[in-house]
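Q: Below is the sequence, then the predicted model.
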Amino acid sequence: MSYFDAASSAPLHPVARQALLASLDEGWADPARLYREGRRAGMLLDAAREAAAQAVGCRPDELVFTSSGTRAVHTAVSGALSGRRRVGRHLVLSAVEHSSVLHAAAALEAAGGSFTEVPVDRTGAVDASGFGRALRADTALACLQSANHEVGTEQPVAAVAELCAAAGVPLLVDAAQSLGWGPVPGGWSLLTASAHKWGGPAGVGLLAVRKGVRFAPQGPAAERESGRAPGFENIPAVVAAAASLRAVRAEAEAEAARLRALVDRIRAEVPRLVPDVEVVGDPERRLPHLVTFSCLYVDGETLLHELDRADFSVSSGSSCTSSTLTPSHVLKAMGVLTEGNVRVSLPTGTAAAEVDRFLEVLPGVVAEVRLRLGAPAAPAPSPAPSASLVVDSLGRRCPVPVIELAKVIGEVPVGATVTVLADDEAARLDIPAWCEMREQEYVGEEPADRGSAYVVRRLT
């Protein structure tokens, strides 16, 4: 079995396993107590905090351990907004932030505040100057991930941090995906991360708040972790998280170069081996271990199941996965194809032979899924073009509306239109993406009695 979903959760690093087992016998007592067992547990906690702070690039007293990366994000957002409530209740964030940040923004809006989403380009990157223009006099906090969790694109953190500093706005960086590969560029005010993303145990998050940042923790009052993370620390897990972070950092340079070469091979070979594929994300400014591509005329859920049957564990941001029937907000913001989406994120130690086998298996799996859905084998025009057509795909989920469009586009003359009636949310994204891939004109969306009417003009 080849596990290719490290972006969701990396396998437990051997060093994390060793540290976890060793600290179970030493770190069970209350680190706040003065007796021998408490002092021993406290020393373990202090050593872990120092190691984690060194990796993050902050002081040990600026860093606390939380119960998860998500908890770290919510604590960071609520604490910073509350601490700067006299400035205002406005939040700035990129359109491709992790869902935990989006949920925090929605909670702010529900409580009477407001937020601005900064758009991204087709690679998933924000424009630093555009981000700076979104800052207002009442902006209390800005949020920007260091690298995207779905497509791997790195964000211009240093440039945005400089603009935020000039505006007097603290910047929260979600470094969950990148911290294991290296430190985040300086200039940030708050930083969050999650241990299971770099091979540490689940249930450990990091929250760093720079000295001088106005911060008022919300929720139940507590004495532990500077009052920012109530509850008894899971010292064995914390020790394992810090030890594994130090270990992966020591390996990062060599492993990043090796995995980047494997990912480059996937990026080059998948479009060559599989027709009608769009590789998304920045080809250069990206995480070394992650690549995402979308396949036309493919049901994402079926594709993932078939790859699982072939012993490959991959993830997807597709609108057709079992967990959701709405398109990935990341792919939607980028304006790229959402159907048949596959995210491959290679864990440390992935062998080249595993990637070779994936490239051998993938074309046949995609072809089989397309065959089941009745996808067109090739875009061949009809010998007798008809007038403009209407395709009724109401009640049918992706990728069927796009498949039906592809089947009939050759039946209308150049310059004529095909109107697709669809009520699936993904059609709003995938039909324009198909037009760009096929060099056809997307005229636009029109109202219909049910769903929407998507008009496409044949150009070739």
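A: Perfect, I can see it now.
Q: Which SSE is immediately downstream of the longest helix along the chain?
A: For the chain, the helix that runs over the most residues, judged by DSSP state H, is helix 235-273. Using DSSP states H and E, the helix or strand that follows helix 235-273 towards the C-terminus is strand 277-280.
Q: List the buried residues in that following strand.
A: Across strand 277-280, burial judged by 16 or more other Cβ atoms under 10 Å covers 277-280. (Glycine included, C-beta is placed from N, CA and C.)
Q: now, which of those residues sits nearest residue 148?
A: Distance to residue 148 across those (Cβ to Cβ) is lowest for residue 280, with 10.1 Å.
Q: And this structure, what are its domain boundaries?
A: In terms of domains, the chain is parsed into 9-248, 256-373, 389-457 (source: automatic domain parsing).
Q: So which of those is nearest residue 3?
A: Proximity to residue 3 (Cβ to Cβ) singles out domain 256-373 among the domains of the chain, at 4.7 Å.
Q: Any idea how far apart the tips of the closest one sit?
A: Length of domain 256-373, first residue to last, Cα to Cα, to the nearest Å: 38 Å.
Q: Residue numbering should commence at 48 henceforth.
A: In the new count, where the first residue is 48, that last one comes out as domain 303-420.
Q: so how far is it off the chain centroid?
A: Relative to its chain's centre, domain 303-420 lies at 14 Å (Cα atoms, centre = their mean, to the nearest Å).
Q: Stretch 211-219 now?
A: Between the centre of stretch 211-219 and the centre of its chain there are 23 Å (Cα atoms, centre = their mean).
Q: same deal with stretch 244-252?
A: The chain centroid and the centroid of stretch 244-252 are separated by 16 Å under Cα atoms, centre = their mean.
Q: what about residue 270, neighbour count?
A: 8 (other Cβ atoms under 10 Å).
Q: Tell me who's in contact with residue 78.
A: Residues in contact with residue 78 (Cβ atoms under 8 Å, 6 or more residues apart in numbering) are 85, 88-89, 91-92, 280, 282.
Q: need the contact list for residue 269.
A: Contacts of residue 269 by Cβ under 8 Å, 6+ apart are 276-278.
Q: Residue 168 versus that one, what's the distance?
A: 42 Å (Cβ to Cβ, to the nearest Å).
Q: Just confirm residue 492 is within a strand.
A: Yes. Counting by DSSP: H, G, I helix; E, B strand; the rest coil, residue 492 is located in a strand.
Q: So it is in contact with residue 503, correct?
A: No. Residue 492 is not in contact with residue 503 according to Cβ atoms under 8 Å; the separation is 10.8 Å.
Q: By neighbour count, which of the contacts of residue 269 wins?
A: Within the contacts of residue 269, most neighbours by other Cβ under 10 Å means residue 276, with 20 neighbours.
Q: quick one on the thing from earlier: point out the ones among the contacts of residue 269 that are inside strands.
A: Of those, none are assigned to strands by DSSP state E.
Q: which one of the residues you listed sits closest to residue 77?
A: Nearest to residue 77 among those: residue 278, at 12.1 Å, using Cβ to Cβ.
Q: To residue 49, which of the domains of the chain lies closest?
A: Once the domains of the chain are compared by Cβ to Cβ, domain 303-420 is nearest, at 4.5 Å.
Q: Find the residue ranges of the chain scoring beneath the pLDDT cut-off.
A: Residue ranges of the chain with pLDDT under 70: 365-373, 424-434.
Q: Just give the closest residue to the residue most central in space within it, not the sequence neighbours.
A: The chain has residue 196 as the residue nearest its centroid, 2.2 Å off, counting by Cα atoms, centre = their mean. Leaving out its chain neighbours, the residue that sits closest to residue 196 by Cβ to Cβ, 6 or more residues apart in numbering is residue 224, at 5.1 Å.
Q: cool, residue 57 as well?
A: Leaving aside its sequence neighbours, residue 57 sits nearest to residue 246 (Cβ to Cβ, 6+ apart; 4.4 Å).
Q: who's in contact with the one you found?
A: Residue 246 touches 57-60, 63, 227, 291, 294-295, 394-395, counting by Cβ under 8 Å, 6+ apart.
Q: what about 10 Å?
A: Counting by Cβ atoms under 10 Å, 6 or more residues apart in numbering, residue 246 touches 53, 56-64, 227, 287-288, 291-292, 294-295, 394-396.
Q: Quick check: buried residues in stretch 261-270?
A: For stretch 261-270, by 16+ other Cβ under 10 Å, it's 261-262, 264.
Q: Return the closest of these with respect to residue 312.
A: Proximity of the buried residues of stretch 261-270 to residue 312 (Cβ to Cβ) peaks at residue 262, which lies at 44.8 Å.
Q: Residue 130 is in contact with that closest one, correct?
A: Yes. Between residue 262 and residue 130 a contact is recorded at 4.4 Å, counting by Cβ atoms under 10 Å.
Q: Any chance of the buried residues of stretch 261-270 in TSV with secondary structure and distance to residue 121 as columns?
A: Converted to TSV, the buried residues of stretch 261-270 look like this (DSSP: H, G, I helix; E, B strand; the rest coil; distance: Cβ to Cβ, whole Å):
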residue	secondary structure	distance to residue 121
261	coil	18
262	coil	13
264	coil	11
